[in-house]
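J.: sequence below, structure please.
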Amino acid sequence: LITGCLASSVAFQFYQIPASVSKTFAHNQGVASSYNDGLGFLFSTVFWGSVGRIVGHPLVGSHGWSVVWTILALLIAFSGGIMIPAIKPILLEEAALKPARA
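T.: From the prediction side, this is the model:
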């Protein structure tokens, strides 16, 4: 149940934010999307490399994966806390522009 809730909160960040950012580059949406994807791979490589060191560290013993999932949950909560105030004005502006386009 908890994993499902965490996965649903990651899905919004994973699918919606890069697409919304890429839309702002009208004629270069594909390039912007590829660039965002590359940055995601770059940062996730650093993160998952750190995960391997945490899991195998002698201080955490057999609780390595529990520590990693706790850190991941805290990172998701932190990034969600930053994302919601930042994206709210963007969504409100987009909603205000939709009736004008129709």
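J.: which residues in the protein form helices?
T.: 2-23, 29-55, 64-101 (DSSP state H).
J.: including mean pLDDT and mean neighbour count, could the ones you listed go into TSV?
T.: C-beta: built from backbone N, CA, C; applies to glycine. Formatted as TSV, the helices of the chain follow (pLDDT from 0 to 100; neighbours: other C-beta atoms under 10 Å):
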stretch	mean pLDDT	mean neighbour count
helix 2-23	68	12
helix 29-55	82	12
helix 64-101	78	11
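J.: and stretch 84-102, how far from the chain's centre?
T.: In terms of C-alpha atoms, centre = their mean, to the nearest Å, the centre of stretch 84-102 is found 20 Å from the chain centre.
J.: pull the CA atoms of that stretch into CSV?
T.: Taking C-alpha atoms only, stretch 84-102 is exported to CSV below (Å, rounded to 0.1, in the frame of the first residue of the first chain):
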residue,chain,number,x,y,z
ILE,A,84,3.6,22.0,-5.5
PRO,A,85,4.2,25.7,-4.6
ALA,A,86,6.3,26.2,-7.7
ILE,A,87,3.9,24.5,-10.2
LYS,A,88,0.7,26.0,-8.8
PRO,A,89,1.1,29.4,-10.5
ILE,A,90,2.0,27.8,-13.7
LEU,A,91,-1.1,25.6,-13.7
LEU,A,92,-3.3,28.5,-12.7
GLU,A,93,-1.9,30.6,-15.6
GLU,A,94,-2.4,27.7,-18.0
ALA,A,95,-6.0,27.3,-16.8
ALA,A,96,-6.7,31.0,-17.3
LEU,A,97,-5.4,30.9,-20.9
LYS,A,98,-7.4,27.9,-22.0
PRO,A,99,-10.8,29.7,-22.3
ALA,A,100,-9.0,32.4,-24.3
ARG,A,101,-7.8,29.8,-26.8
ALA,A,102,-11.2,28.3,-27.4
